[in-house]
Every structure is written in structure tokens, then in C-alpha cells.
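> would you be able to build a 3D model of this:
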Amino acid sequence: VPSARTIARLMTTARDHLSKAETVTIAAIETGVPMLAEARRIIDDFHVMIRKKDVARLDPWIAEAGASLIASFARGITNDKSAIRAAITQPWSNGQVEGQITKLKLVKRQMYGRGKLDLLQARLIGAT
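Numbering: from 1, shown residues only. Predicted coordinates for the structure are as follows:
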């Protein structure tokens, strides 16, 4: 029996990217635990909704997901519905900013205790 982490990875990976052995494993899991197959379908619907920027499907999706194995995820979406709506409808993203912050934190951790702000600044300007 695969671990829970392996099952979660297999259930969320696109079927086109699975090996033959992984496909057989997924088929056995879906046959044995139909609730997982339903959860996978709901997760796929969420991915489609985000990719197609179809905000009209958000409320029905939350209602459907709230009655499934991913109810806790659906509650999180409900709690931050305005941010999810903005993520679906707005054309911009803060991914570039998050990437720069991650790079800054990485360099800072690598230098911990070795220098002051001027050295950190020199490393960041040189790292771009």
C-alpha cells in the first residue's frame, strides 16, 4: 500500500504525466476508495476553473467540495473567497515579488552572522 503522501501526489498529478505502474496504482485506489476518485474529480474541476478564469463556477464548486473529502480545503476557500475571486478575475500576479523575497531570504540565511547590510546588498545586486 503506498503512503498517504504518494497517493496524494498521484491523485493530483495529471494523468498524462503518470507512468504505467502509477496509472495501475491509481486505478486500484479509485476502485477501492471511490471517495478519493470523487475528490480527484473535484480537484480537477478546481484546476480547470482557475485556468479558464471561470469565477461563475466558484460558488457551486465550494458547495460540492464542502460535502467531500476536501471539505477543509473548501472551508479555507470560503474563508478567503474575495482573494480567490481576485485571483481568478485579475490579470496580474504577485509571483515575481514572491520570487524576489524568497531569493532575498535564501541569501540572508546563507550569510547569517557573517556580514552586515552592505554585504547583503552586494550579494543581491551581484546575484541578479
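> packing partners for whichever helix or strand residue 61 is part of?
Here residue 61, judged by DSSP states H and E, is contained in helix 58-65. Under the contact definition 3 or more CB pairs under 8 Å, 6 or more residues apart in numbering; DSSP states H and E, helix 58-65 sits against helix 34-52, helix 71-79, helix 81-89. For the C-beta atoms, the positions are set from N, CA and C on the backbone; glycine is no exception.
> neighbouring contacts of the second one?
Surrounding helix 71-79, the residues in contact under the criterion CB atoms under 8 Å, 6 or more residues apart in numbering are 58, 62, 65, 66, 68, 84.
> next, the angle from it to helix 34-52.
Relative orientation of helix 71-79 and helix 34-52, computed by axes from the mean of the first three to the mean of the last three CA atoms, to 10 degrees: 30 degrees.
> next, the buried residues of helix 71-79.
Across helix 71-79, burial judged by 16 or more other CB atoms under 10 Å covers 73, 74, 77.
> ok, now stretch 84-96?
Quick answer for stretch 84-96 (16+ other CB under 10 Å): 84, 88.
> CA atoms of that stretch as PDB?
The C-alpha coordinates for stretch 84-96 follow below in PDB (Å, rounded to 0.1, in the frame of the first residue of the first chain):
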ATOM      1  CA  ILE A  84      -9.800  33.700  -4.700                       C
ATOM      2  CA  ARG A  85     -12.200  35.700  -6.800                       C
ATOM      3  CA  ALA A  86      -9.500  38.300  -7.300                       C
ATOM      4  CA  ALA A  87      -7.000  35.600  -8.300                       C
ATOM      5  CA  ILE A  88      -9.400  34.200 -10.800                       C
ATOM      6  CA  THR A  89     -10.600  37.500 -12.300                       C
ATOM      7  CA  GLN A  90      -7.500  39.800 -12.100                       C
ATOM      8  CA  PRO A  91      -4.800  39.600 -14.800                       C
ATOM      9  CA  TRP A  92      -1.900  40.200 -12.500                       C
ATOM     10  CA  SER A  93       0.000  38.100 -10.100                       C
ATOM     11  CA  ASN A  94       2.500  38.700  -7.300                       C
ATOM     12  CA  GLY A  95       4.600  35.600  -8.200                       C
ATOM     13  CA  GLN A  96       7.600  37.800  -9.300                       C
END
